[in-house]
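> what follows is a protein structure lacking sequence information:
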């Protein structure tokens, strides 16, 4: 597959859950980035801001800070720090920003306590950068360019602008006016039964009913699309999942999936979920690696509810800046998954 198309697909996955309005965070999440900082708010209005070193700048060893805040009045701020690169930080480590200094941090991966957060937060908001220095003198420089803009967007998404608890633009509005957390959607899922004797033979029987246009249009290995290339997995006592691995490249993998009856009429129906199927929990997960420094990962997961595959999670790191796979997992969409018993009656795919 064309590398540019792969990168574009990863970017689309990363941005698919963005929304401009604050209220939209209760539905699909919100994303924003400015200079060396990015923001990801999930659909419950929990927001995570991640900042990094200046890309390609002097002293650009990988370093990142994660600022997390849940929605609701009076919620605390959490701050995590992480260094990367070929040489790990050796404790004790000193963190310095403006007039604030935290000494005795155990290493380059640490969660600050609430007292430390209160010490450094005001200095973070008015400084250009911050540093981590280990006992050997090695230094990591965290850029703070874009932090205020990203935290202002966090305040907007959570309805904090003009309240005493706002991070950037405080005011006299009552703290009770802050938006509450949005409930995570509940998805009742079914764990598939074990495979039955003869399930593998269903591929040959169902293949003639499949539409081949999708494979020809979307897969770089469409010439290999045949019954032998199909994997069959049991979903319920009457339904199976057929999968064809396509769009395979050096860093990414995609698939075409169908739900079909295990007896005539097979009536296969293509589904929107895309990725690897896990027979243990009935999930499909798509992972995309965006080509860049560190190779950022974005992922999306669907779970089978007895009738169809329902999206249950999505996450992605848009910058990563030298951290292999990304410095943090930044959820864009979350759900509460509950197990339910599979229905004994036929269900439409």
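Thanks, I have it. It should be emphasised that the depicted structure is a prediction, and the values quoted were computed from it without experimental measurement. Residues are numbered from 1 along each chain as shown.

> what is the spatially most central residue of the chain paired to in the beta sheet?
Most central in the chain under CA atoms, centre = their mean is residue 315, positioned 0.7 Å from the mean C-alpha point. Listed beta-bridge partners, residue 315: residue 299, residue 331 (assigned using DSSP bridges).

> gap between the residue of the chain most remote from its centre and residue 30?
Note on the chain: the largest separation between a C-alpha and the mean C-alpha position, by CA atoms, centre = their mean, falls on residue 264 (39.1 Å). Summarising the geometry, the distance separating residue 264 from residue 30, computed by CB to CB, to the nearest Å, is 47 Å. All C-beta spots, glycine's among them, are computed from the backbone N, C-alpha and C.

> residue 212 too?
Using CB to CB, we find residue 212 at a distance of 39 Å from residue 30.

> next: residue 197.
Distance from residue 197 to residue 30, counting by CB to CB: 49 Å.

> and for residue 180?
To residue 30, residue 180 is 16 Å away according to CB to CB.

> who has more neighbours out of those two?
For residue 180 versus residue 30, the count of surrounding residues by other CB atoms under 10 Å is larger for residue 30: 28 against 14.

> and the more buried one, what pLDDT?
In the prediction, the pLDDT value recorded for residue 30 is 92.

> and the helices in the stretch 201-349 of the chain?
202-206, 213-218 (DSSP state H, counting those that start in this stretch).

> mean pLDDT lowest where, among the ones you listed?
Comparing those by mean pLDDT, the weakest confidence falls on helix 213-218, with a mean of 66.

> stretch 319-338: end-to-end distance?
The first and last residues of stretch 319-338 sit 33 Å apart, counting by CA to CA, to the nearest Å.

> chain center to that stretch: distance?
Taking CA atoms, centre = their mean, to the nearest Å, one finds stretch 319-338 lying 4 Å from the centre of the chain it belongs to.

> cool, and stretch 206-215?
Distance, stretch centre to chain centre, for stretch 206-215: 31 Å (CA atoms, centre = their mean).

> please apply the same query to stretch 134-145.
Using CA atoms, centre = their mean, we find the averaged C-alpha position of stretch 134-145 to lie 27 Å away from the chain's own average C-alpha position.

> then stretch 141-151?
Stretch 141-151 has its average C-alpha position 21 Å from the chain's average C-alpha position, going by CA atoms, centre = their mean.

> show residues contacting that stretch.
The list of residues contacting stretch 141-151 from outside it, by CB atoms under 8 Å, 6 or more residues apart in numbering, reads 32-39, 49, 51-54, 57, 59-61, 63-65, 67, 97, 124-125, 127-132, 167-168.

> excluding chain neighbours, what is closest to residue 180?
Residue nearest to residue 180 in three dimensions, not counting chain neighbours: residue 72, with 5.3 Å by CB to CB, 6 or more residues apart in numbering.

> starting from residue 172, give me the distance back to the one you found.
19 Å.

> so for these two, which sits in the more crowded spot?
Legend: neighbour count by other CB under 10 Å for residue 72 and residue 172, higher for residue 72 (17 against 7).

> backbone dihedrals for that one, please?
Summarising the backbone geometry of residue 72 under the convention degrees, to the nearest 10, its torsions are phi 110, psi 160.

> against residue 198, how distant is it?
Spatial separation of residue 72 from residue 198 under the definition CB to CB is 53 Å.

> ditto for residue 55
Separation of residue 55 from residue 198 (CB to CB) stands at 55 Å.

> so for these two, which sits in the more crowded spot?
Set residue 55 next to residue 198 and count neighbours by other CB under 10 Å: residue 55 wins out with 14 against 10.

> domain parsing of this structure, as residue ranges.
When the chain is parsed into structural domains using automatic domain parsing, the resulting residue ranges are 3-186, 187-339.

> show me where the stretch 1-150 of the chain has strands.
Along the stretch 1-150 of the chain, counting by DSSP state E, counting those that start in this stretch, strands occupy 30-34, 37-41, 47-52, 63-69, 77-83, 93-97, 100-105, 109-111, 129-133, 139-143.
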